[in-house]
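[1] Need coordinates for the following:
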Amino acid sequence: MKSKSLYIASLQKNAGSLIVSMGIMEILKKSYARVGFFRPFVKDLKNDKDTLFMIEFFNLDMKYEECVGFDIDEVVKKISQNREHELIESLLDRLNELVERFDFVLIEGHCKESFSASLDFDINLTAAKNFGSMFVAVLNGKDRDSSQVLEDVKLEHQSLRDEKISHFATFVNRVDCNILEKTLKESRSFNYKYPLFFLPEVDELDRPTLNDLMQSIDCELLLGEQKDLKRVIRNSKIAAMHTDNFIEHIENGDLVITPGDRSDILIASYAALNSRNLENISGILLTGGIIPKESILNLLKGFEGVLIPILSLKDDTWSSALKVEHIEAKITPKSERKIALVQGLFSSYVDEDAITKNLNTEIASVVTPAMFEYGLFKRAKLNRKKIVLPESEDERILRAAEILINRDVVDIILIGKKEDVLYRASQIGISLHGVEIINPKESPLLEEFAKEFYEMRRHKGLKEDIAHEAMLIPTYFATMMVYKDLADGMVSGAVNTTADTIRPALQIIKTKPGISIVSSVFFMCLDSKVLVYGDCAINQNPTADELAEIAISSAQTALQFGIDPKIAMLSYSTGDSGSGDDVDKVKLATMKVKEKRADLLVEGPIQYDAAIDLKTAQKKLPNSKVAGQATIFIFPDLNTGNNTYKAVQRSANALAIGPVLQGLKKPVNDLSRGCLVADIVNTVAITAIQAQE
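    Just a heads-up that it's a prediction; the model follows:
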């Protein structure tokens, strides 16, 4: 019988079991609609960080209490009393309840070192064997050479074989980048049947953030915003010298620790942040419980740009520095940068297909929002594309660019003045390493682009000087890059209007043959399926011909994202039950779809309930191949479509991804000016997939 659970555990502390659990869970969520999580052994029964992270980040339909078994002290006590059988039996009952409820259960154990030294066996192996779970071993490769790493792999494999445990995979985490290639090459001589992966050490994952500091020691946030607490602390430095000497020692990512009455250090630190000649610190920790005077705080608030977080602690400077040194790095659901780095690690160093093959996964018939989102990134990675973002002045764009690069999803081009973009990135504490930045004013492409744009539009009365000025506008320059195949797609709209995004695309890229209208769709991710809604964002009152084109374009978009197109042309009546100009328009549009694309399944006019609900469909259109099972919903006008998608989004708690533009020869997509960083990341992934066509 095929196992429905995986057990992940490590012998050593700090091996990164959570990192492996995150990567495996993401793979599982792509294939299974309902995945559970269980930790049989935890240090704190009421507040296990890994469990809380997995529940929140992966949006698991579970209560915390269902996910945890026994605390470590209780485990050691039961084993010392020869009650191991009782312990395992109790855990097995808990696990079986989860296996009954979920399609698959991921189990994360606790490293052996966390248990009493008197425990001379690995309780994780005992649990995994009794659970009938496949086992994923996580080894710590930090500070070990290639021969030591490979010896650990052999010993772990032998241990699992001796215990007759089903060995699913081994991950060696935190391997020195300098020995990674050699270790991987030598490992190929192993004749193991299970997947073996080596993940390099990523320095930032081992560094605490200001938020970790806030949660670990009792300090107060005096100045700064919550979002700035995501900054990574690369080093901590006590500032005890005079200002002119202190400035010479500033390094990127420093936490400056200084007494609360050192106003000179505070002012110098803020001046450094606004200077392009110095690196930026991450934050300031004031000691002694001394709060700067209000006049000093007001002075600091007046500096332009981002406020460096200033925290206050009652301890003296030396004691504060010792506390900071002992803060552990954490990954929380709000750690976007670290999460993206983990996802990038798995993308680059883990063969997802090998894991899926070992699972012998049966593809689920349902598609959850998580499955759809994860599928976007998987598709985008299959054929890596280059996406240009012209709105580099927006903080959300910069944060999204960092996440996309860290996730290793696409290549990113930012349009803007390089010094300004990097300065802004430094101010908000992010890295744009690997991102290409182009300034139209200084680009050798400017004149070429201006000349080509002039030739395109001079029959419309465009003058050469206006063409040149247009190419200095980031959206026009970026659109020309897509047209000239220097980028594969563009995403804009966080700052610019929809018209500002679409106008250059219509003038330069133009629509596909046979398509005269640019339209949009939203992917509406419900609990167990993904629907396509069009057009809910662009065309106010489309004609019958335009509705037909929107339907055909929507079908092509659906196919590109793995959705079987069954088109419902919506109206306030179903079949021949109603009449009027609006109904006639939908009837005519449906007929035109059938004429142009006889291969598509389309029904119209049809009401929404008949399109989505089988019981209603059997009463209203019993012989229809679309009614009750439509996947594409074409609304008769913008008023109906926009209100409907928002109503479904809010009332059904659906994830709405879009608008996704369609009909252009090359992909350009529009963002809402109220978009979140996650919206930008999703839209870029979608644009990359469209570019694969």
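[2] Low-confidence regions, the stretch 201-350 of the chain specifically.
    304-306 (pLDDT under 70).
[3] Show me where it has its strands.
    220-223, 235-238, 254-259, 283-287, 310-312 (DSSP state E, counting those that start in this stretch).
[4] JSON lines for the ones you listed, including distance to residue 404 and mean neighbour count?
    All C-beta spots, glycine's among them, are computed from the backbone N, C-alpha and C. Shown next, in JSON lines, are the strands of the stretch 201-350 of the chain (distance: least, C-beta to C-beta, whole Å; neighbours: other C-beta atoms under 10 Å):
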{"stretch": "strand 220-223", "distance to residue 404": "30", "mean neighbour count": "16"}
{"stretch": "strand 235-238", "distance to residue 404": "28", "mean neighbour count": "16"}
{"stretch": "strand 254-259", "distance to residue 404": "27", "mean neighbour count": "22"}
{"stretch": "strand 283-287", "distance to residue 404": "26", "mean neighbour count": "26"}
{"stretch": "strand 310-312", "distance to residue 404": "31", "mean neighbour count": "22"}
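[5] So residue 659: helix, strand or coil?
    Classification of residue 659 by DSSP: H, G, I helix; E, B strand; the rest coil places it in strand.
[6] and it, what does it touch?
    Neighbouring residues of residue 659 by C-beta atoms under 8 Å, 6 or more residues apart in numbering: 520, 521, 522, 536, 537, 538, 669, 670.
[7] and what of residue 686?
    376, 561, 657, 660, 669.
[8] For the nearest residue in space to the third one that is not next to it in sequence, grab phi and psi.
    If the residues on either side of it in the chain are set aside, residue 657 comes closest to residue 523, at 4.3 Å by C-beta to C-beta, 6 or more residues apart in numbering. Geometry field for residue 523 lists phi and psi as phi -90, psi 110, criterion degrees, to the nearest 10.
[9] I'd like to know the beta-bridge partner residues of residue 523.
    Beta-bridge partners for residue 523, by DSSP bridges, are residue 532, residue 657.
[10] can you check residue 287 too?
    residue 259.
[11] Confirm for me that it is in contact with residue 259.
    Yes. The criterion here is C-beta atoms under 8 Å, and residue 287 meets it with residue 259 at 5.4 Å.
[12] Validate this expectation: residue 39 resides in a helix.
    No. Secondary structure of residue 39 (three-state DSSP): strand, not part of a helix.
[13] which ones are touching it?
    Taking C-beta under 8 Å, 6+ apart, one finds 48, 50, 51, 67, 68, 69, 107, 108, 109, 110 in contact with residue 39.
[14] Just those residues: which are in helices?
    Per DSSP state H, helices hold the following members of the contacts of residue 39: 50, 51, 67.
[15] quick one: which of those residues is nearest residue 404?
    residue 50 (26.0 Å; C-beta to C-beta).
[16] And the closest one, how far from residue 682?
    26 Å (C-beta to C-beta, to the nearest Å).
[17] Likewise for residue 302?
    With C-beta to C-beta as the criterion, residue 302 and residue 682 are 37 Å apart.
[18] same question, residue 414
    Taking C-beta to C-beta, one finds residue 414 at 18 Å from residue 682.
[19] what ranges do the helices span in the stretch 301-450 of the chain?
    In the stretch 301-450 of the chain, the helices defined using DSSP state H, counting those that start in this stretch lie at 317-325, 336-349, 352-359, 369-382, 395-406, 418-427, 445-457.
[20] buried stuff in the third one?
    Going back to what we said before, that points to helix 352-359. Neighbour counts over helix 352-359 (16 or more other C-beta atoms under 10 Å) mark 352, 355, 359 as buried.
[21] what about the nearest residue to the first one once chain neighbours are set aside, neighbour count?
    Nearest residue to residue 352 in three dimensions, chain neighbours excluded: residue 27, at 5.6 Å (C-beta to C-beta, 6+ apart). For residue 27, the count of nearby residues is 21 (other C-beta atoms under 10 Å).
[22] helix, strand or coil for residue 27?
    helix.
[23] hang on, isn't it packed against residue 356?
    Yes. The pair residue 27 / residue 356 is scored as a contact, 6.5 Å apart, by C-beta under 8 Å.
[24] Kindly reformat the helices of the stretch 301-450 of the chain as CSV containing distance to residue 678.
    Formatted as CSV, the helices of the stretch 301-450 of the chain follow (distance: least, C-beta to C-beta, whole Å):
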stretch, distance to residue 678
helix 317-325, 31
helix 336-349, 9
helix 352-359, 22
helix 369-382, 9
helix 395-406, 8
helix 418-427, 19
helix 445-457, 32
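[25] out of those helices, which comes closest to residue 675?
    helix 395-406 (6.8 Å).
[26] List the buried residues for stretch 273-291?
    So, applying 16+ other C-beta under 10 Å, buried residues of stretch 273-291: 273, 278, 280, 281, 282, 283, 284, 285, 286, 287, 288.
[27] now do stretch 642-662
    For stretch 642-662, by 16+ other C-beta under 10 Å, it's 642, 644-645, 648-649, 654-662.
[28] For residue 3, state which of those residues is nearest.
    residue 655 (30.7 Å).
[29] List the contacts of the closest one.
    369, 372, 373, 524, 525, 649.
[30] Pretty sure the last one sits in a strand.
    Right, residue 649. No. Counting by three-state DSSP, residue 649 is located in no strand; its state is helix.
[31] hang on, it packs against residue 643?
    No. Using C-beta under 8 Å, residue 649 is not in contact with residue 643, being 10.7 Å away.
[32] before we move on, the earlier item: go through the buried residues of stretch 273-291 and say which is closest to residue 80.
    Among the buried residues of stretch 273-291, and counting by C-beta to C-beta, the member closest to residue 80 is residue 285, at 43.1 Å.
[33] Please list all residues in contact with the closest one.
    213, 219, 236, 255, 256, 257, 258, 311, 312, 313, 320, 324.
[34] Any chance of TSV for the buried residues of stretch 273-291, columns distance to residue 147?
    Formatted as TSV, the buried residues of stretch 273-291 follow (distance: C-beta to C-beta, whole Å):
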residue	distance to residue 147
273	46
278	44
280	41
281	41
282	38
283	41
284	45
285	42
286	48
287	46
288	50
